[in-house]
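J.: Sequence first, predicted model second:
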Amino acid sequence: MRKHELTANVLLHFPIIVMLGMFLVASYPLNLVVMFIFYLAGVVDLTYSKLPLYRQRIWNSFGPETISMRRREAYYRGYKRIAFGGALNLLMLVHYSM
């Protein structure tokens, strides 16, 4: 994709993405379900990435150093999903506190 096509796509789709995000934050039962799904998917990814450590009876390990290279992507993806769920949670708190 060329630069001007990418720029055009970003300019055309950005308002749609923002409106869908505002709809998601404002719709009461849907936003809780989506937030729960992001949290749950993040925990599943973290558990999957640390499963070999749990099998070796290593219960406390911090950082990706002890995780195999194959599973580090799932480790990072899990934390990204949990962070996105947390950001959605904060947006909902700000929206409903007003």
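T.: Good, I have the coordinates. Residues are numbered from 1 along each chain as shown.
J.: which residues in the protein form helices?
T.: For the chain, the helices defined by DSSP state H cover 3-26, 28-55, 72-97.
J.: model confidence over the first one, on average?
T.: Per-residue pLDDT values across helix 3-26 average out to 82.
J.: same thing with stretch 36-53?
T.: Mean predicted lDDT for stretch 36-53 stands at 95.
J.: contacting residues around that stretch?
T.: 59, 61, 66-68, 71-72, 74-75, 77-82, 84-85, 88 (C-beta atoms under 8 Å, 6 or more residues apart in numbering). C-beta coordinates here come from the backbone N, C-alpha and C atoms, glycine included.
J.: do that again at 6 Å, thanks
T.: By C-beta atoms under 6 Å, 6 or more residues apart in numbering, the surrounding residues in contact with stretch 36-53 are 61, 67, 71, 74-75, 77-78, 81-82, 84-85.
J.: Now the two most distant members of these.
T.: S61 and F84 (23.6 Å; C-beta to C-beta).
J.: Quick check: chain neighbours aside, which residue is closest to the spatially most central residue of the chain?
T.: Using C-alpha atoms, centre = their mean, the residue of the chain that lies closest to the mean C-alpha position is R81, 1.9 Å off. Take R81 and drop its neighbours on the chain: the residue closest to it by C-beta to C-beta, 6 or more residues apart in numbering is G42, 3.6 Å away.
J.: Please apply the same query to T66.
T.: L53 (6.1 Å).
J.: The one you found: neighbouring residues, count only.
T.: Neighbour count of L53, defined by other C-beta atoms under 10 Å: 16.
J.: any idea how far it lies from L46?
T.: Distance from L53 to L46, counting by C-beta to C-beta, to the nearest Å: 11 Å.
J.: likewise S27?
T.: Per C-beta to C-beta, S27 is found 28 Å from L46.
J.: out of the two, which sits in the more crowded spot?
T.: L46 (19 against 12).
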